[in-house]
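Trainee: Show me the folded form of this:
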Amino acid sequence: MSNTPTARFTVLTLGVSDMRASIGFYESLGFTRKMHATGEEVAFFETGGTVLGLFPWHLLAADAGLPDQPRPSAFRGVAIAWNCNDDAEVDRVMAFALSKGARLLKPAQPTSYGGYCGYFGDPDGHAWEVVRAPGFEVRDDRRVSIPD
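Mentor: Modelled structure (predicted):
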């Protein structure tokens, strides 16, 4: 028996400025909220293979032992991906997100690697990539299958 931990990615927690607005935004995108008993203290959404968590920005910073100011206005070095099976689905997702209050960061277009993608920002500017990537398949259970 090995003492080496099993690597896993289970929850992505975003620091947000307005819990009520962010909860509403992610619900409007179609993510299913769980554990409603937490109210607006923290929110968890099922996403398929992982969980999306929302937590007040200043409390998340404090929990990590980091200052919450100054808040970045530039790219943060992280993008959350919403994989799609074809270009038309990318276009539909982009239009849908924008109709729910997302901000357009980059219109969908062909990529250098043979894919197709665009970017939108959530209410706090977290970048979401909407992408069709060659070899990636999104299954009916919302999980992504990638080639070896």
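Trainee: Is the residue nearest to Tyr26 when sequence neighbours are not counted in a helix, a strand, or coil?
Mentor: Nearest residue to Tyr26 in three dimensions, chain neighbours excluded: Phe45, at 5.6 Å (C-beta to C-beta, 6 or more residues apart in numbering). The C-beta positions use only the backbone N, C-alpha and C, and glycine is treated the same way. Under DSSP: H, G, I helix; E, B strand; the rest coil, Phe45 falls in the strand class.
Trainee: starting at the chain centroid, how far to the lengthiest helix in the chain?
Mentor: Secondary structure of the chain per DSSP state H: the longest helix is helix 87-99. In terms of C-alpha atoms, centre = their mean, to the nearest Å, the gap separating the centre of helix 87-99 from the centre of its chain is 15 Å.
Trainee: same question, stretch 38-48
Mentor: On C-alpha atoms, centre = their mean, the centre of stretch 38-48 falls 13 Å from the chain's centre.
Trainee: do stretch 77-95 as well
Mentor: That offset, for stretch 77-95, works out to 11 Å (C-alpha atoms, centre = their mean).
Trainee: swap in stretch 62-71?
Mentor: 20 Å.
Trainee: So for it, mean pLDDT?
Mentor: On average, the pLDDT along stretch 62-71 is 93.
Trainee: With just CA atoms, put it into CSV.
Mentor: The C-alpha trace of stretch 62-71 is given here as CSV (Å, rounded to 0.1, in the frame of the first residue of the first chain):
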residue,chain,number,x,y,z
ALA,A,62,-8.4,35.6,4.3
ASP,A,63,-8.9,31.9,4.2
ALA,A,64,-5.8,31.6,1.9
GLY,A,65,-3.8,34.0,4.1
LEU,A,66,-3.5,36.5,1.2
PRO,A,67,-4.5,40.2,1.0
ASP,A,68,-7.7,40.9,-0.9
GLN,A,69,-6.5,44.3,-2.2
PRO,A,70,-5.5,45.3,-4.7
ARG,A,71,-7.9,43.2,-6.8
